[in-house]
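# Next comes the sequence, and after it the predicted model I'd like to discuss.
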2 protein chains.
Amino acid sequence: MHMNFVRDRSSGYLTNWAARLFARAIDRRLTKLGVNSAYMPVFFALANGESLSQTALANLASVEQPTMAATLKRMDRDGLIARSPDPADGRSALVSLTPVAKKKLRGVQAAGHEVNDVAFSGLTAKEQAQYLDLLRRVIASLESDSDPSKL
Amino acid sequence: MHMNFVRDRSSGYLTNWAARLFARAIDRRLTKLGVNSAYMPVFFALANGESLSQTALANLASVEQPTMAATLKRMDRDGLIARSPDPADGRSALVSLTPVAKKKLRGVQAAGHEVNDVAFSGLTAKEQAQYLDLLRRVIASLESDSDPSKL
DNA sequence: GGTTTATCCATAGCACACTATGCAATTACA
DNA sequence: TGTAATTGCATAGTGTGCTATGGATAAACC
């Protein structure tokens, strides 16, 4: 087992690496369902029959609007979402899951839980809570770096 | 401050979000230097005049070979690396930093330290060490998920 | 020595993320 | 009410990452 000291001491590097491993673990499981990891926030947000705008979905997923636009375009292509005009706003369309997507919902949720369990398999319950807590605090600090209004 | 319970309890989601915030914070600082965040592992690996193969750099950065190939292509385009044929192996080329890149080295290192400090600004020294330790253990578990030989 | 296997790298094709920009519809306000 | 500012979405362009594949050189093994 060779070591890489610069790498293993860098919070940014390790966080990035962990995120890529999470995505790979998720994608390995979702590929069988014809689903991609970026679809997950949309699946969860619309799981109970909700109809949300693209902007609302982007906020829930913490991605920029053009990123969500591209994700929804792929989901549309894959037959997973339907769009209906918002009667209250001529600019907006409301997005909901199709019956096809609803059938995949349980599998998507199972994949999420499974990967979460794998990632936490070496941690005690207390350490798992610590991990989430520390992550949230690191996130808060980094958010205030980009947006001083959040201080 | 609105909440998003599904999101804030998901280790994969939070890790991904933190990684994107790290990358954005780094890129905001490196853009002035004409450097991208993916160049950082290459900068650090070659900081002391080393000459390494593409495969070695990919391993150090923990990315797949085609990913490193694309990164090196951009660094080449930006005049940051030089490639010389490996006299001992006709398939391989040895990569090193150009004088232009060496001039940027201090700035790149400073950006890394600065973002690390921002991310850790809300954590005690003990908590910072815990964060890195927990990350490494989560990474180890996720690696064994994709490669059972690592168990 | 010649065949097989492994290794190094390039390319194709795609997913997912970002910034910058612009149009169209809505809201705010003078 | 009519103009200005805001908001919702689309598009263009780019960076970073992945898998799959193939060619060319090197190493291993009859």
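Ah, there it is. What you see is a predicted model; the values in this text were computed from it and never measured.
# Now do residue A:143, the pLDDT please.
If you check residue A:143, the pLDDT there is 93.
# how much distance is there from the host helix or strand of it to the middle of the chain?
Here residue A:143 sits within helix A:125-146, counting by DSSP states H and E. Computed by CA atoms, centre = their mean, to the nearest Å, the chain-centroid distance of helix A:125-146 equals 16 Å.
# Which elements pack onto that helix?
Applying 3 or more CB pairs under 8 Å, 6 or more residues apart in numbering or on different chains; DSSP states H and E, we find helix A:125-146 packed against helix B:11-30, helix B:99-119, helix B:125-146. Glycine gets a C-beta too; all of them are placed from N, C-alpha and C.
# Need the residues that contact that helix.
Under the contact criterion CB atoms under 8 Å, 6 or more residues apart in numbering or on different chains, helix A:125-146 has outside partners A:11, A:15, A:120, A:123, A:150-151, B:8-9, B:11, B:14-15, B:17-18, B:21-22, B:24-25, B:28, B:115, B:118-123, B:127, B:130-131, B:134-135, B:138.
# Quick one: name the residues of chain A near DNA strand D.
Chain A has residues A:16, A:20, A:24, A:53-55, A:65-66, A:69-70, A:72, A:86, A:89, A:91-93 near DNA strand D, with proximity defined as CB under 7 Å from any atom of the strand.
# Mind listing what's buried along stretch A:102-112?
Residues A:104, A:105, A:108, A:111, A:112 are the ones in stretch A:102-112 that count as buried (16 or more other CB atoms under 10 Å in any protein chain shown).
# if I look at the residue nearest to residue A:9 when sequence neighbours are not counted, how far off is DNA strand D?
Leaving aside its chain neighbours, residue A:9 sits nearest to residue B:132 (7.0 Å; criterion: CB to CB, 6 or more residues apart in numbering or on different chains). Plainly put, residue B:132 is 19 Å away from DNA strand D if you go by CB to the nearest atom of the strand, to the nearest Å.
# about what we covered before: so among the contacts of helix A:125-146, which ones count as buried?
Buried members of the contacts of helix A:125-146, scored by 16+ other CB under 10 Å, are A:11, A:15, A:120, A:123, B:11, B:14-15, B:17-18, B:21-22, B:24-25, B:115, B:118-120, B:122-123, B:127, B:130-131, B:134-135, B:138.
# Next, name the residue at the spatial heart of chain A.
The residue lying closest to the centre of chain A (CA atoms, centre = their mean) is residue A:41, at 4.6 Å.
# Just to check, that residue is in contact with residue A:60?
Yes - proximity of residue A:41 to residue A:60 meets the contact threshold set by CB atoms under 8 Å, at 5.9 Å.
# Near DNA strand C, list only the ones from the buried ones among the contacts of helix A:125-146.
Counting by CB under 7 Å from any atom of the strand, the members of the buried ones among the contacts of helix A:125-146 near DNA strand C are residue B:24.
# mean confidence for stretch A:22-38?
Here the average pLDDT along stretch A:22-38 is 95.
# hmm, back to that, can you lay out the buried residues of stretch A:102-112 as TSV showing pLDDT and distance to DNA strand C?
As requested, those are exported to TSV (pLDDT from 0 to 100; distance: CB to the nearest atom of the strand, whole Å):
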residue	pLDDT	distance to DNA strand C
A:104	96	14
A:105	96	17
A:108	96	12
A:111	95	13
A:112	94	14
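# I'd like those as a markdown table, with distance to chain B appended.
Formatted as a markdown table, the buried residues of stretch A:102-112 follow (distance: CB to the nearest CB, whole Å):
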| residue | distance to chain B |
| --- | --- |
| A:104 | 17 |
| A:105 | 13 |
| A:108 | 12 |
| A:111 | 10 |
| A:112 | 7 |
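# Tally up the residues packed near residue A:97, please.
Number of residues near residue A:97 (other CB atoms under 10 Å in any protein chain shown) recorded here: 23.
# Mind listing the residues bridging to it?
In this entry, residue A:97 is beta-bridged to residue A:81, by DSSP bridges.
# That one contacts residue A:43, doesn't it?
Yes - Residue A:97 lies in contact with residue A:43 (CB under 8 Å); the separation is 7.2 Å.
# Quickly list what's touching both of the two.
Counting by CB under 8 Å, 6+ apart, the residues touching both residue A:97 and residue A:43 are residue A:105.
# which residues touch residue A:61?
A:38, A:41, A:42, A:45, A:68, A:71, B:7 are the contacts of residue A:61 under CB under 8 Å, 6+ apart.
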